[in-house]
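# Okay, here's the prediction I keep looking at, along with the sequence it came from:
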Amino acid sequence: VSSTGTGTAARAALAVTGTTTLFTTELSVGDYIYWTGANTSLVTAIASATALTTAESGTVASAAFFIAPVIKITGNQPGLNIPTGSSLTVSATTPIVIFLATGATGTVTGNLNFSGANHKIDAADASGLTFNAPAILTQGTGCAGNMFSAGGTASAVVFNTGSKFIQLAGSNPIALTSPATKVVFNSGSTFSIQQNAAPSFSGRTYSNFDFNFSSFSQNSAGGSAFTCDNLSVTAATLVGFNLTGAMTIKGNISVATGTLSFIPASGTPTITFGGTGTQTISNSAILTFSPNITLSAPGSTLVFTNNVGATLTYKGSLPGVLTNSGTFVISTANSVLTGTINAKLLSGSTGGKITAPAGTFDISGLTLNVSANTGYNAVAGDKITLITGPTSIIGTPSTVTLPTAGSWHLDYSVAGVVSAVCDLGTSINPVYSNLNVSISNGTVSFNSEAGKTIEVYNSVGQKLLQKQAVAGLNTISVSAKGVLLVKVDNRIAKVIL
């Protein structure tokens, strides 16, 4: 049970000043004091009967203060052991502190839950408290402040692979000034923040970081490096990384709801995807990369998946492959778009689309693969916009593949727009029919009525020829080789020269 201290005390930042207090006789360094409604604070130094210093900061007007009870553990076999399938819940309405003394150890593979008051758990030694799979620590409602205190030994608490820290309340668990940290998240562990409170990212290293609170709306700032493995937004309104320092992501990024944005306050920082093999950026909501950010993947292959209804914003060049069935927004004018984009066609008028601001847009270094979504049966005349917005488009993609079902070509007839046009569909076609042709020595022959328009396109949609047909047999010759599309009014043929 908490005990009431003698006199009253006020706190300003880390300093506590007493009135008729007996700090030197009632307290020792390592004790914890608190005021009603305020964070539990670790006593780090006692200067006199009326002056002491705490690890936690805050402002409290002069009022009665309390000394929190401490459960001190001294064993090391381990002294605290919560095995798989077991749980310990601390839900008292006044603070309780569990402290592993020097030489003592704690191991958790079960569940540890704190709620109801500003409880703490801490250790005197580095790695004194270890969470191993499948352990879950929950800092629940009413448990404010730093779960592991804001002072004392660095790296006292360690989360290993398969363990998880769920934070429903409280403040930054890392607490100490960077590069020191109170808690270590080793590879394969997870920190899941489930409250609307800004985490500490600048100068910090995590393993898997998950945002899972629908009302979460925070922007983080700072100029030091940030590192994590997987970064996921399971539920949030806004997750904003406004860091100006370098960022390293060793795993995947996923955005299920809300907005994830990387918009540095200044400078031109680099996000390095520092894993190996394939790293995936999967987006079902809104994902924004500022134009002054560079994405680098020195040892991995980046795969962007921009899902239906989602919006991915970046500048021009992609350091990987984008599979796009949502909207890919280019954030800078006069862009050079390179990389590989797999555009998915969803219906006769919708599909993966790229939008860009006014200006020139060079696509001559782009690989563009266009495919039809399962269940979409195209009909002739379907026209799906793939690129729109630029004042003008320079070049054509260096490599193009079009849907294998039916006949398609890319259309560049409108300035600043590239569309996929279906010439011969995969369902009943009320508009176009087959054009019967014969090929001999590089020429194409067919019969037509006089005055019909003859058009010839190459495989990337460039119109190579347009002329009027004569009555009877018509013969055309083009210098281009490969797959060509010959269109005469409402009849079409695909030929290979």
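Structure's in. What do you need?
# Just the pLDDT for Pro430.
In this model, Pro430 is scored at 46, pLDDT.
# Sorry, slip of the keys, the one I care about is Gly375.
Reading off the model, Gly375 has pLDDT 84.
# what secondary structure does it sit in?
coil (DSSP: H, G, I helix; E, B strand; the rest coil).
# Residue numbering should commence at 173 henceforth.
With 173 as the first residue, the last one maps to Gly547.
# Distance-wise, check it relative to Ser454.
21 Å (C-beta to C-beta, to the nearest Å). Backbone N, C-alpha and C define where each C-beta goes, glycine included.
# again, but for Val242
In terms of C-beta to C-beta, Val242 sits 46 Å off from Ser454.
# re the thing from before, compare neighbour counts for Gly547 and Ser454 and give me the winner.
Ser454 (18 against 7; other C-beta atoms under 10 Å).
# and that one, what element?
Here Ser454, judged by DSSP states H and E, is contained in strand 449-455.
# Any buried residues in that strand, and which?
Residues of strand 449-455 classed as buried: Gln451, Thr452, Ile453, Ser454, Asn455 (neighbour count, 16 or more other C-beta atoms under 10 Å).
# The third one pairs with what?
When bridges are assigned using DSSP bridges, the partners listed for Ile453 are Ile425, Phe476.
# Contacts only, for it.
Asn424, Ile425, Ser426, Leu459, Leu474, Val475, Phe476, Thr477, Leu484 (C-beta atoms under 8 Å, 6 or more residues apart in numbering).
# swap in Phe413?
Phe373, Asn391, Ser392, Phe398, Met419, Leu432, Ser433, Phe434, Ile435, Pro436.
# and Thr274, what are its phi and psi?
phi -50, psi 130 (degrees, to the nearest 10).
# And the closest residue to it other than its chain neighbours, how close does it get to Ala369?
On the basis of C-beta to C-beta, 6 or more residues apart in numbering, the spatially nearest residue to Thr274 that is not a chain neighbour turns out to be Ala296, at 4.4 Å. Ala296 sits 28 Å away from Ala369, going by C-beta to C-beta.
# ok, now Ile270?
On the measure of C-beta to C-beta, Ile270 and Ala369 end up 23 Å apart.
# ok, what's across the strand from Phe434?
Phe413, Phe461.
# Could you give the number of residues near the residue nearest to Thr274?
Neighbours of Ala296 using other C-beta under 10 Å come to 16.
# before we move on, what about Ser649?
10.
# pretty sure it is touching Gly614, no?
Yes. At 6.2 Å, Ser649 counts as touching Gly614 under the criterion of C-beta atoms under 8 Å.
# what's the overlap in contacts for those two?
With C-beta under 8 Å, 6+ apart, Ser649 and Gly614 have no common neighbours.
# Can you show me the helices along the chain?
195-198 (DSSP state H).
# Helix or strand with the lowest mean pLDDT in it?
The helix or strand of the chain with the poorest confidence is strand 605-606; it has a mean of 76 (mean pLDDT, DSSP states H and E).
# Run the chain-centre distance for it.
Offset of strand 605-606 from its chain centre (C-alpha atoms, centre = their mean, to the nearest Å): 48 Å.
# before we move on, what about stretch 605-618?
52 Å.
# start to end distance for that stretch?
14 Å (C-alpha to C-alpha, to the nearest Å).
# residues making contact with it?
So stretch 605-618 is in contact with 596, 619, 645-649, 656, 658-660, 662-665, 667, 669, going by C-beta under 8 Å, 6+ apart.
# let's go with 10 Å and repeat that
552, 579, 596, 619-620, 626, 628, 641, 645-651, 653, 656-669 (C-beta atoms under 10 Å, 6 or more residues apart in numbering).
# in it, what counts as buried?
Result for stretch 605-618 [16+ other C-beta under 10 Å]: buried residues Leu607, Val609, Val616, Phe618.
# Okay, and which of these map to strands?
The strands, defined by DSSP state E, take in Val616, Phe618 from the buried residues of stretch 605-618.
# Of all pairs in the buried residues of stretch 605-618, which one spans the longest distance?
Leu607 and Val616 (9.5 Å; C-beta to C-beta).
# still on that earlier bit, quick one: residues contacting the residue nearest to Thr274.
Gly202, Lys244, Phe271, Leu272, Ala273, Thr274, Gly275, Ala276, Gly324, Thr325, Ala328.
# how does it look with 8 Å?
Phe271, Leu272, Ala273, Thr274, Gly275, Ala276, Gly324, Thr325, Ala328.
# pLDDT value on the closest residue to Thr353 other than its chain neighbours, please?
Using C-beta to C-beta, 6+ apart and skipping the chain neighbours, the partner closest in space to Thr353 is Ile346 (4.8 Å). pLDDT, Ile346: 92.
# Number of residues surrounding Ile346?
Count around Ile346 with other C-beta under 10 Å applied: 24.
# and if you look at Thr444?
20.
# Who does it form a beta bridge with?
Going by DSSP bridges, Thr444 forms beta bridges with Thr420, Ser468.
# burial count for Thr246?
11.
# Quick check, it in contact with Gly278.
No. Thr246 lies out of contact with Gly278 (C-beta under 8 Å); the separation is 11.4 Å.
# Leu517 pairs with what?
Those that pair with Leu517 in a beta bridge, by DSSP bridges, are Gly523, Ala544.
# any weak-confidence spans in the protein?
Low-confidence segments of the chain, defined by pLDDT under 70: 173, 598-604, 632-633.
# Nearest the middle, which residue of it would you pick?
Closest to where the C-alpha atoms of the chain average out (C-alpha atoms, centre = their mean) is Ile425, at 4.0 Å.
# Pull the contacting residues for it.
Here Ile425 is in contact with Asn402, Leu403, Ser404, Leu432, Thr452, Ile453, Ser454, Asn455, Leu459 (C-beta under 8 Å, 6+ apart).
# ok, the closest residue to Val589 other than its chain neighbours - how many residues close by?
If you skip the residues right next to it in sequence, Val589 has Thr560 as its closest partner in space, 5.1 Å away by C-beta to C-beta, 6+ apart. By other C-beta under 10 Å, the residues close to Thr560 number 16.
# And Asn549, by the same measure?
Around Asn549 there are 14 residues (other C-beta under 10 Å).
# Name the residues of stretch 620-640 that are buried.
Buried-residue list, stretch 620-640, by 16+ other C-beta under 10 Å: Ser620, Lys624, Ile626, Glu627, Val628, Tyr629, Asn630, Ser631, Val632, Gly633.
# got those as JSON lines, with distance to Ala227 columns?
Below are the buried residues of stretch 620-640 laid out as JSON lines (distance: C-beta to C-beta, whole Å):
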{"residue": "Ser620", "distance to Ala227": "89"}
{"residue": "Lys624", "distance to Ala227": "86"}
{"residue": "Ile626", "distance to Ala227": "83"}
{"residue": "Glu627", "distance to Ala227": "78"}
{"residue": "Val628", "distance to Ala227": "78"}
{"residue": "Tyr629", "distance to Ala227": "73"}
{"residue": "Asn630", "distance to Ala227": "71"}
{"residue": "Ser631", "distance to Ala227": "69"}
{"residue": "Val632", "distance to Ala227": "65"}
{"residue": "Gly633", "distance to Ala227": "67"}
